[in-house]
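okay, predicted coordinates and the sequence, questions at the end:
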Amino acid sequence: MLLAVEAKNLKKTFKTKQGNVEAVRDVSFKVNKGEIFGILGPNGAGKSTTILMLTTLLRITSGTAKINDLDVVKNDSEVRNKIGIALQDTGIDNLLTARELFYTTARLWGLSKSKSKDRTKEMLNLVGLTEAADRRVKTYSGGMKRRLDLGLSLVHKPEVLFLDEPTTGLDPGSRRVLWDEIKKLRDEGVTIILTTQYLEEADELANRISIIDEGLVVAEGTPDELKSSIGGDVITLTFRSDDDAIKAQTIIENSDIEDKQIRVTVENGAEKIPNLLNLLVSKDINVQSVSANKPSLDDVFLKVTGYRLEGEKTLIEESK
Ligand SMILES: Nc1ncnc2c1ncn2[C@@H]1O[C@H](COP(=O)(O)OP(=O)(O)O)[C@@H](O)[C@H]1O
Ligand SMILES: [Mg+2]
């Protein structure tokens, strides 16, 4: 039994007054034990709905899901004992302290009073909240709250951990702290399924990634596999005006345009640049700058969905 998670043709339809919403249309994937599996997709792609179904918190419309070979519908209580969940919208009581929350959570999982006390200390230490342990959670920064969420999901030592957008809205520094925590957990043998809208996060953390868009899996693989699926290098040409970019796009085959930039994927990018520039000059189109790069997950995302993942922009802005 090497699979930690197996999702097969998962589907979720919400019935609303405005009609049916197909939040998840067809999602399948397998997660190996001990890996970090990333579910990458924009807002509204169906990430949270998928996580809620896998964690028994939401009824599955059709399809099946197994955690450690246990069916999440038929064996829901066994499944709940094996998994840890840190949801996107947590219902943490802000008026309590981290120490109180860890202790209560440990008691809820059936630990004795003294074991709960020990576990509380251990967990506070693990997520770096020992000093802030007796402060009310409402005084915590975003990063501290996320570390608390993560810690609370680990109190009962789950084998499989689900993290729904663990770093959304955090500054780059706090994000990195959480990334390190998450990697450490994987190194200790915990299987982790995390959702994210950040390409950089998926690239940095995930052993394998499933890209989902509008409730469907549009690509899957290791970050390297996904990048090589682009086949070649990405040449980016920047022009002084939108007009020049539009003209250039009609001349360069298979190019994508975005504002003043054209992107085209070719074999041996650097070697192709002189020819491309000559071609454009011969048509009186001025190029402001040009570069050839190995494809990024951004390029993969654009290729499989036809658009760029938002949110990444915020990440870039934040890291300035
Ligand atoms: N309880 C619900 N009722 C109706 N529609 C919902 C509900 N939850 C989510 N949706 C819709 O389902 C789609 C997927 O949502 P969600 O799984 O939250 O996406 P993500 O987590 O990727 O942002 C969205 O269009 C969302 O508006
Ligand atoms: Mg979500």
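Noted; the coordinates are in hand. Ligands and ions are numbered 1, 2, ... in the order given.

interface residues of this protein facing ligand 2?
Residues of the chain lying near ligand 2 by Cβ under 5 Å from the ion: 47-48, 88. From N, CA and C alone the C-beta is placed, and that goes for glycine too.

and the gap between the residue lying farthest from the centre of the chain and H156?
Among residues of the chain, the one most distant from the C-alpha centroid is S282; the distance is 44.5 Å, by Cα atoms, centre = their mean. Distance, S282 to H156, using Cβ to Cβ, to the nearest Å: 68 Å.

please apply the same query to A202.
Where H156 is concerned, A202 sits at a distance of 27 Å (Cβ to Cβ).

more neighbours: the two, which one.
A202 (27 against 18; other Cβ atoms under 10 Å).

so that one: helix, strand or coil?
helix (DSSP: H, G, I helix; E, B strand; the rest coil).

hang on, isn't S255 packed against Q261?
No. In this structure, S255 is not within contact of Q261 by Cβ atoms under 8 Å, at 9.8 Å.

follow-up on the earlier one: closest to ligand 2 among the residues of the chain next to ligand 2?
S48 (3.1 Å; Cβ to the ion).

G46: neighbour count?
Look at G46: counted by other Cβ under 10 Å, it has 26 neighbours.

what's the answer for D71, then?
Counted with other Cβ under 10 Å, D71 comes out at 14.

what about the nearest residue to it once chain neighbours are set aside, which SS state?
Leaving out its chain neighbours, the residue that sits closest to D71 by Cβ to Cβ, 6 or more residues apart in numbering is T64, at 6.6 Å. Put simply, T64 is strand when judged by three-state DSSP.

show me what T64 bridges to in the sheet.
K8 (DSSP bridges).

quick one: contacts for it?
By Cβ atoms under 8 Å, 6 or more residues apart in numbering, the contact set of T64 is 6-10, 71, 73.

which positions in stretch 187-195 come out as buried?
190-195 (16 or more other Cβ atoms under 10 Å).

make that stretch 288-307, sorry
290, 292, 295-305.

same check on stretch 218-234?
Buried residues in stretch 218-234 (16+ other Cβ under 10 Å): 218-220, 223, 226-227, 230, 232-234.

go on, stretch 256-272?
Across stretch 256-272, burial judged by 16+ other Cβ under 10 Å covers 256-257, 260-266, 269, 272.

ok, and what's touching stretch 9-19?
20-28, 46, 49-50, 53-54, 58, 60-65.

now, of those residues, which are buried?
By 16+ other Cβ under 10 Å, the contacts of stretch 9-19 give 22-27, 46, 49-50, 53-54, 58, 60-61, 63, 65 as buried.

quick one: low-confidence residue ranges for the stretch 201-320 of the chain.
310-320 (pLDDT under 70).

contacts only, for the residue in it positioned nearest to ligand 1.
Distances between the stretch 201-320 of the chain and ligand 1 by Cβ to the nearest ligand atom are smallest at G215, namely 6.9 Å. Neighbour list for G215: 22-27, 45-46 [criterion: Cβ under 8 Å, 6+ apart].

for it, phi and psi?
Phi and psi for G215, reported as degrees, to the nearest 10, are phi 80, psi 10.

gap between stretch 276-294 and the chain center?
35 Å (Cα atoms, centre = their mean, to the nearest Å).

now what about that stretch, what contacts it?
227, 233-240, 244, 247-248, 251-252, 260, 264, 269-270, 272-273.

so which of those are also by ligand 1?
Residues of the contacts of stretch 276-294 in contact with ligand 1 (Cβ under 6 Å from any ligand atom): none.

what helix or strand is the closest residue to T55 other than its chain neighbours on?
Counting by Cβ to Cβ, 6+ apart, I85 is the residue found nearest to T55 once chain neighbours are left out, at 5.0 Å. Using DSSP states H and E, I85 sits within strand 83-86.

sheet-wise, list the partners of that strand with their directions.
Here strand 83-86 is paired, per DSSP bridges, with strand 160-164 (parallel).

for D256, list the residues it contacts.
Going by Cβ under 8 Å, 6+ apart, the list of residues near D256 reads 249, 262-264, 302.

ligand 1 contacts on the stretch 151-300 of the chain?
Counting by Cβ under 6 Å from any ligand atom, no residue of the stretch 151-300 of the chain is near ligand 1.

could you look up the SS state of L170?
coil.

where does D187 land on pLDDT?
D187 is assigned 96 on the pLDDT scale.

so in terms of bridging, what pairs with the residue nearest to the spatial centre of the chain?
Centroid-nearest residue in the chain, with Cα atoms, centre = their mean: T196, separated by 2.1 Å. T196 has these beta-bridge partners by DSSP bridges: L40.
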